[in-house]
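1. Starting from these lines, generate the structure:
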Amino acid sequence: MSNAPGHSARQERWYRTIWRWHFYAGLFTVPFILWLSLTGGLYLFRPQIEALLDQPYTELVRETEALPPARLAAAAVSAVPGSVLHRYILPQQSGDARQIVVGTGASETRVYIHPKTAAVLKTIGEEDRLMRIVFRLHGELMAGRWGSMLVELAASWAILMILTGLFLWWPRTERKNGKNGRGGRLAGVFYPRLGGGRRRVWRDLHAVTGLWVSLFALILIFSGLPWAKNWGDYLREVRALTGTAAAQQDWSAGSAADAHARAALDENVRLHMAGHEGHGGVQESANAPAASLPALNRVVLSAKALSMPGPVELSPPTSFAGIWTVRGISANRPQRATAEIDGRTGAVIGREGFEDRHWIDRVVGYGIAAHEGALFGIANQLLALAVLLGLVTLSLSSLVLWWRRRPAGRLGAPPPQGALGRSWPLAAAIVLLALIVPLFGISLALVILAEKVWLARVPRFAAYLGLRG
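-> Coordinates of the predicted model:
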């Protein structure tokens, strides 16, 4: 590629480097963007999908016909031999089937109980529920830590793709006439030009879509990073060192950590039950006969009085103090709250609202709620869906553009369009990203090292990638 008028060899090498990184990022991330957009688009509408799946189990009886919660919990535990109560979920409507989660170790089962007859209507493993499968497909590719690592790498390289894409798109000034590199017009910058042939249409579709979705896409990507196993661990370590760690994290730390938490809950509930038996006290455990479960009835009444936005889960005591935990797990996380209730008296002995949490937890909570489409209702869902469709358009158009204009035997970076000007903001943003997301920093260092040490020394690769001017 020869130097364009007014461009130094150094500028052109820098331009080719940016374009090459843009290509690397696109080549790696396009399959992930398509997959994450599909699974993320489904997960955005989790409330509607789960409501549709649970519709046969709603409005079964009148409120006055419902049996006491203790009777219903006992029926759920009996449906899964060897299990204990993990969570009792307050119904959205008083006549709905009671959804009660029981567990054996790390394995949990959701049992749907008829509120009037205590008959078992449905049982399903918690991790076998449709939206839980979609959640794991989206965040871990059903591959645990390694899948989470791939998703984190794809997310961070997608950020690089967006940053370099914006740099390449940015309207520049031609030295020869002082005009905008695209004729000083808004066409092709803020909206696509529909004339001038298919190549121009594809080019404008790619560039204009990239402009409009970039900011929202960056928010979407960054708000999903706390779920990533490696970056999540990194965040927790930083918070531990700075004394800002939360007592209990309000978002998933990965399937392995979630399984460990379920197993710990199961073990502690069983220890609490054994402690009651060893002390000769009244058994108030979830696998005891219904007559010995008065605590749950009291706790349900107190939990309802708290008027937390649903769903609301009640977890049994894990210590001899007999304290039940109440958690509001609304998808709109700023509405979430937790409380502790004394099972012996039904008294609320502590409550924490979203506003009481550390500012880091609040920021992450807002981000996750927006990421899941729950922060401002259906408008949030539709906006996030539009961003996902924009990312799909961006990815597919990039493949079409590259395939159409690629020269034989070369990567095919286009010549610089106008003066490159200062690029230090881009370099600073990439360095900052490498520091914020260490996994990306390591991968970027490996790519640069591979270029310098190996690829540049192999003439075929060096010529294809444009490593030699």
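
2. Excluding chain neighbours, give the residue nearest to the residue nearest the centre of the chain in space.
-> By Cα atoms, centre = their mean, the chain has its centre lying nearest to Gly224, at 3.9 Å. Spatial nearest neighbour of Gly224, chain neighbours left out: His371 (5.4 Å); criterion: Cβ to Cβ, 6 or more residues apart in numbering. To be clear about C-beta, it is placed using only N, CA and C from the backbone, and glycine gets the same treatment.

3. ok, how many other residues are close to the one you found?
-> Residues near His371, counting by other Cβ atoms under 10 Å, number 24.

4. show me where pLDDT drops low in the stretch 101-250 of the chain?
-> Low-confidence segments of the stretch 101-250 of the chain (pLDDT under 70): 171-189, 195-199.

5. Please enumerate the strands of it.
-> 107-113, 120-125 (DSSP state E, counting those that start in this stretch).

6. I'd like those strands written out as JSON lines, with mean neighbour count added.
-> Converted to JSON lines, the strands of the stretch 101-250 of the chain look like this (neighbours: other Cβ atoms under 10 Å):
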{"stretch": "strand 107-113", "mean neighbour count": "21"}
{"stretch": "strand 120-125", "mean neighbour count": "14"}
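
7. so can I have JSON lines of those strands showing distance to Gly144?
-> Listed next are the strands of the stretch 101-250 of the chain as JSON lines, based on distance: least, Cβ to Cβ, whole Å:
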{"stretch": "strand 107-113", "distance to Gly144": "16"}
{"stretch": "strand 120-125", "distance to Gly144": "17"}
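
8. From start to finish, how long is stretch 55-67 in a straight line?
-> By Cα to Cα, to the nearest Å, the extent of stretch 55-67 from end to end equals 21 Å.

9. Now do that stretch: distance to the chain's middle.
-> 34 Å (Cα atoms, centre = their mean, to the nearest Å).

10. which stretches of the stretch 201-350 of the chain form helices?
-> 229-242, 255-278, 294-305 (DSSP state H, counting those that start in this stretch).

11. make that the stretch 51-200 of the chain, sorry
-> Using DSSP H, counting those that start in this stretch, helices in the stretch 51-200 of the chain cover 69-79, 130-140, 144-169, 198-224.

12. what's the closest of those to Gly322?
-> helix 69-79 (14.7 Å; Cβ to Cβ).

13. So which elements touch that closest one?
-> Counting contacts by 3 or more Cβ pairs under 8 Å, 6 or more residues apart in numbering; DSSP states H and E, helix 69-79 is packed against strand 84-89, strand 98-104, strand 107-113, strand 120-125, helix 294-305.

14. Pull the CA coordinates from the second one and hand them back as CSV.
-> Yep, that's strand 98-104 we're talking about. Output in CSV follows, covering the C-alpha atoms of strand 98-104 (Å, rounded to 0.1, in the frame of the first residue of the first chain):
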residue,chain,number,x,y,z
ARG,A,98,-46.7,-22.2,45.7
GLN,A,99,-43.2,-22.5,44.3
ILE,A,100,-41.0,-24.0,46.9
VAL,A,101,-37.3,-24.8,46.3
VAL,A,102,-35.9,-27.8,48.2
GLY,A,103,-32.4,-29.2,48.0
THR,A,104,-30.1,-32.1,48.5
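
15. quick one: strands adjacent to that strand?
-> Paired with strand 98-104 in the same sheet, following DSSP bridges, are strand 84-89 (antiparallel), strand 107-113 (antiparallel).

16. Only C-alpha atoms, please: export the first one in CSV.
-> Okay, so that is strand 84-89. What follows is strand 84-89, C-alpha atoms only, in CSV (Å, rounded to 0.1, in the frame of the first residue of the first chain):
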residue,chain,number,x,y,z
VAL,A,84,-34.7,-29.9,53.0
LEU,A,85,-36.3,-26.5,52.5
HIS,A,86,-34.0,-24.0,50.7
ARG,A,87,-36.4,-21.3,49.7
TYR,A,88,-40.1,-20.6,50.1
ILE,A,89,-41.3,-18.1,47.5
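
17. Identify the residues contacting it?
-> Here strand 84-89 makes contact (Cβ atoms under 8 Å, 6 or more residues apart in numbering) with 69, 73, 76-77, 98-104, 108, 262, 265-266, 269-270, 273, 285-287, 296, 300, 311-316.

18. ditto for the longest one
-> With contacts defined as Cβ under 8 Å, 6+ apart, strand 107-113 is touched by 57, 72, 75-76, 79-80, 83, 86, 97-103, 119-127, 129, 262.

19. which among those end up buried?
-> 57, 72, 75-76, 79-80, 83, 86, 97-103, 120, 126-127, 262 (16 or more other Cβ atoms under 10 Å).

20. Look up how far Val101 lies from the residue lying closest to Arg270 once chain neighbours are set aside.
-> Nearest in space to Arg270, with sequence neighbours left out and distances taken as Cβ to Cβ, 6+ apart, is Val84 at 6.1 Å. Computed as Cβ to Cβ, to the nearest Å, the Val84 to Val101 distance reads 10 Å.

21. And for Leu52?
-> Taking Cβ to Cβ, one finds Leu52 at 20 Å from Val101.
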